[in-house]
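Asks: Please find the sequence and the predicted model below.
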Amino acid sequence: MQLKKISLTHYKNQTALQLDFNAKINCFIGQNGKGKTNILDAIYHLSLGKSYFNPITTQNIAFGQDFFILEGLFEKNSREEKINCSFKKGQKKVLKRNGKVYEKIADHIGLIPLVIISPSDRDLIVEGSSTRRKFIDGVIGQTDAQYLTNLLEYINVVSQRNALLKYFAINRTFDATALEVYDAQMIRLGNPIFEKRKAFLTQFLPIVQERYRQISQDQEAAAIDYDSQLHTNTFEQLLAEALKKDRSVQHATVGVHKDDLTFKLNDKPLKLYGSQGQQKSFLIALKLAQFDYLRAQHGLPPLVLLDDIFDKLDQSRVTEIVKLLSQEDFGQLFISDTHEDRTLEALNAAGTSYQIFNLNAPL
């Protein structure tokens, strides 16, 4: 998997930018505000059909403009794939593969496997359960189209059921038969989602544990608990027992949309007891495990994006990370950093091909 070219038009702070990539490692160097992260986000957008940093599409348009266009030329299994993503205010986003428009953007997910590591990943530890569900769903969704379809349908059903509960409350009425229609759909879609998440974590956890062992040099043992109400109850039981509460609060209080993950070191919650260094190491292990899993499922290495992850790391740690990611089993790598000297020292130590794009100077 390789990205050969990319162009950005009116995307965030990039008015018109075109770049060609000819190396395994590609580095964007520049002061804050120069648009390093925006280039990485454009690559993510072309790969996954949305921005990693701002899912509100209109806010990805450059100030004073009313549209953006992204184009990327990828090579996968010796075949070129031209991906085009465009959006104009007041219209739907358009995503094309080799000139053909996707009917659903979800159909594109998985074509261009990708892993991103960013300072915002700390949200996986400190934020609510929805952030961790998005992570696990994002990894599975890049390898299982049916899972993604079930998940999107499930989210839509829950939204419709919540609207019905609000209607009942406003109008002081209740129709059990109408609610049972949505309950049946939640059960039909939710059970396969639960089973897939459970099976995925059985495969994924040993990979995370091995990657964390490498990073920590066997100092701690990593674990992930899958927290779901479906471990101990059927979906039917959960919905029946929660009916009174659901009617009171006017939304679904049970189901796979309430699932969560608990990250642990030595059987203690990482959020409560992990140091900043342990948390950062765990997150890197988590993303490296994502890379390993996607590579095994797709039979080729995903693209890897590193967004300013070298901040607050000493030079030896930066060099070790770059060495690790430049090994043969890793594919094309894109790095953003504010310090050119730091990056160059790590790249030269890695001994692999690289390109430097200095955003402080005109490209």
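Replies: Great, that's in hand.

Asks: And the lowest-mean-pLDDT helix or strand in the chain, how far out from the chain middle?
Replies: In the chain, the helix or strand scored least confidently by mean pLDDT, DSSP states H and E is helix 315-325, which has a mean of 72. Relative to its chain's centre, helix 315-325 lies at 23 Å (Cα atoms, centre = their mean, to the nearest Å).

Asks: That one: what's the following helix or strand?
Replies: strand 333-337 (DSSP states H and E).

Asks: any idea of the mean pLDDT in that next one?
Replies: Mean pLDDT, strand 333-337: 90.

Asks: Show me where the chain has its strands.
Replies: 2-11, 14-20, 25-29, 67-76, 79-88, 94-97, 100-101, 114-117, 222-227, 260-265, 268-269, 303-307, 333-337, 354-358 (DSSP state E).

Asks: what sits against the closest residue in space to residue 216 that isn't next to it in sequence?
Replies: Spatial nearest neighbour of residue 216, chain neighbours left out: residue 281 (5.9 Å); criterion: Cβ to Cβ, 6 or more residues apart in numbering. Just so you know, the C-beta spots here come from the backbone N, C-alpha and C atoms, and that holds for glycine as well. Contact analysis of residue 281 by Cβ atoms under 8 Å, 6 or more residues apart in numbering lists 212, 215-216.

Asks: Could you list which of those belong to helices?
Replies: Judged by DSSP state H, helices contain the following of the contacts of residue 281: 212, 215-216.

Asks: Identify whichever of the strands of the chain lies nearest to residue 143.
Replies: Judged by Cβ to Cβ, the one of those that comes nearest to residue 143 is strand 114-117, at 12.2 Å.

Asks: Return the distance of stretch 229-249 from the chain's centre.
Replies: Between the centre of stretch 229-249 and the centre of its chain there are 29 Å (Cα atoms, centre = their mean).

Asks: now stretch 291-298
Replies: Here stretch 291-298 is found 14 Å from its chain centre; the criterion is Cα atoms, centre = their mean.

Asks: can you check stretch 15-33 too?
Replies: The answer for stretch 15-33 is 21 Å, by Cα atoms, centre = their mean.

Asks: where does the chain dip in pLDDT?
Replies: In the prediction, the chain carries residues with pLDDT under 70 at positions 311-317, 328, 361-363.

Asks: go again using 80 as the cut-off
Replies: Along the chain, the parts satisfying pLDDT under 80 run over 215-219, 309-330, 350-352, 360-363.

Asks: Spell out which residues sit in contact with residue 168, please.
Replies: By Cβ under 8 Å, 6+ apart, the contact list for residue 168 reads 174-175, 247.

Asks: residues contacting residue 246?
Replies: Residues near residue 246 by Cβ under 8 Å, 6+ apart: 165, 252-254.

Asks: Would you show me how to pick out the buried ones of the residues you listed in ChimeraX?
Replies: Selecting only the buried entries of these in ChimeraX, with 16 or more other Cβ atoms under 10 Å as the criterion:
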select :165,252,253,254
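
Asks: Closest to residue 152 out of the contacts of residue 246?
Replies: residue 252 (16.2 Å).

Asks: List phi and psi for the closest one.
Replies: Main-chain dihedrals, residue 252, degrees, to the nearest 10: phi -70, psi 120.

Asks: Likewise for residue 64?
Replies: phi 90, psi 0.

Asks: what about it, neighbour count?
Replies: Using other Cβ atoms under 10 Å, the number of residues around residue 64 comes to 7.

Asks: how near is it to residue 45?
Replies: 20 Å (Cβ to Cβ, to the nearest Å).

Asks: again with residue 161
Replies: Distance from residue 161 to residue 45, counting by Cβ to Cβ: 31 Å.

Asks: Cool, thanks, signing off.
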